[in-house]
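J.: Quick one: sequence and predicted model below, then my questions.
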Amino acid sequence: MNHPAIRKGAVAVITGAAVGIGYAIARRVASEGMNVVLFDRDATALDEAVKKLLNESPAVKLLAIEGDVTSENDLHELYENACEFGEVSLLVNNAAITKGAGPWEGISKWRTLMEINFWSVLKLQQLFVETMFSQGGAAAIVNLGSKEGITTRPGNAAYSLSKAAIKVLTEQLAHELREKAGDRISAHLLIPGYTFTPMNFPGITRDSQKPDSPWTADQVADRLVAQMEAGDFYIFCEDNETSWELDQRRMQWAADDMIQNRPALSRWHKDYANKFAHYIADIAEK
């Protein structure tokens, strides 16, 4: 049994759906009989995705829309076409980029990244939430977060900030939906680990050999469906390199920076390197 939003004949709308985690989620929900709207800016990859999905799930209906999440016109077109396609019970805001900038550089890079990683998510929520209220059936919104939006690893401030913003946005969304619709419409934050996708491995194809460390995108999609059924809001994915226990320790350490008045990002501070190593010493890293 699945989360009630994942049901046969209803529509799933997925951004960045042509490859990677977006495609894997499309594949997973199509296997449950959902009709899928795939939105992506890569027309060639989109066509290939549709062909593969139809080959695996010939009974479902698919709608491929080429567009850019930074374009309000494209997002409105996505919304209008999706609503005409059927009852939208699942929205997955997956599209994102990682190439950002540091805290005092590259304002144009900051703007581009935030347009894709944050503002498009907010816009699609604004478009679809009221429609989900009016439909009457169960529905869900899944936003793609990142562990870098929780522990905010140094090195790519723009990306970490965008994913921290998505975390807060989705937490606020979940609360407001619960207050207004009870458990009929839910929100979920999907937090992948190290995953074998074009974002992490530029240039890979569907036939590329996966290294041992990352999870597959299909594993992430399976985790999403399983934990949505369990009612989880924070849907964490480990990988073959980092255990769930180690992830928990890293998050606890980050939260304790404030509580214990340590320097910002003390996990990477030279004066705290030995203390952090001792803090995780009893966990065997894979």
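T.: Yes, it's here. Numbers count the residues shown, from 1 in each chain.

J.: Let me know the average pLDDT across the top helix by length along the chain.
T.: Of all the segments assigned as helix in the chain under DSSP state H, the longest by residue count is helix 157-181. The average pLDDT within helix 157-181 is 98.

J.: starting at the chain centroid, how far to it?
T.: Relative to its chain's centre, helix 157-181 lies at 12 Å (CA atoms, centre = their mean, to the nearest Å).

J.: just stretch 130-143 next, same as before
T.: On CA atoms, centre = their mean, the centre of stretch 130-143 falls 18 Å from that of its chain.

J.: who touches it?
T.: Residues external to stretch 130-143 that are found in contact with it (CB atoms under 8 Å, 6 or more residues apart in numbering): 3-7, 10, 25, 79, 83, 87-94, 121, 125, 128-129, 166, 169-170, 173, 177, 180-181, 184-190, 224, 228. In short, each C-beta sits where N, CA and C put it, glycine included.

J.: Which of the residues in it are classified as buried?
T.: 132, 135, 138-143 (16 or more other CB atoms under 10 Å).

J.: how long is it end to end?
T.: End-to-end distance for stretch 130-143, by CA to CA, to the nearest Å: 17 Å.

J.: Of the buried residues of stretch 130-143, which one scores lowest on pLDDT?
T.: Minimum pLDDT across the buried residues of stretch 130-143 is recorded for residue 135, with 95.

J.: Please state the backbone phi and psi of that one?
T.: Phi and psi for residue 135, reported as degrees, to the nearest 10, are phi -70, psi -30.

J.: tell me the SS of the residue lying closest to residue 204 once chain neighbours are set aside?
T.: Nearest residue to residue 204 in three dimensions, chain neighbours excluded: residue 198, at 5.8 Å (CB to CB, 6 or more residues apart in numbering). Following DSSP: H, G, I helix; E, B strand; the rest coil, residue 198 is assigned to coil.

J.: Against residue 71, how distant is residue 198?
T.: To residue 71, residue 198 is 21 Å away according to CB to CB, to the nearest Å.

J.: Double-check residue 152 against residue 167; I have them as touching.
T.: No - counting by CB atoms under 8 Å, residue 152 sits too far from residue 167 to count as a contact (10.4 Å).

J.: So residue 67 sits against residue 75, correct?
T.: Yes - judged on CB under 8 Å, residue 67 makes contact with residue 75 at a distance of 7.4 Å.

J.: How far does the strand or helix carrying residue 248 sit from its chain's centre?
T.: Using DSSP states H and E, residue 248 falls within helix 244-259. Distance of helix 244-259 from the chain centroid (CA atoms, centre = their mean) equals 21 Å.

J.: cool, stretch 87-101 as well?
T.: 6 Å.

J.: So for it, what gets flagged as buried?
T.: Neighbour-count burial for stretch 87-101 [16+ other CB under 10 Å]: 87-98, 100-101.

J.: Quote the end-to-end distance of that stretch.
T.: 39 Å.

J.: Report the rounded mean pLDDT for that stretch.
T.: Mean predicted lDDT for stretch 87-101 stands at 96.

J.: just the strands in this structure please.
T.: Assigned by DSSP state E, the chain shows strands spanning 11-15, 35-40, 62-66, 88-93, 139-144, 185-191, 234-236.

J.: Neighbouring strands - and their directions - for the last one?
T.: Okay, so that is strand 234-236. According to DSSP bridges, strand 234-236 forms sheet pairs with strand 185-191 (parallel).
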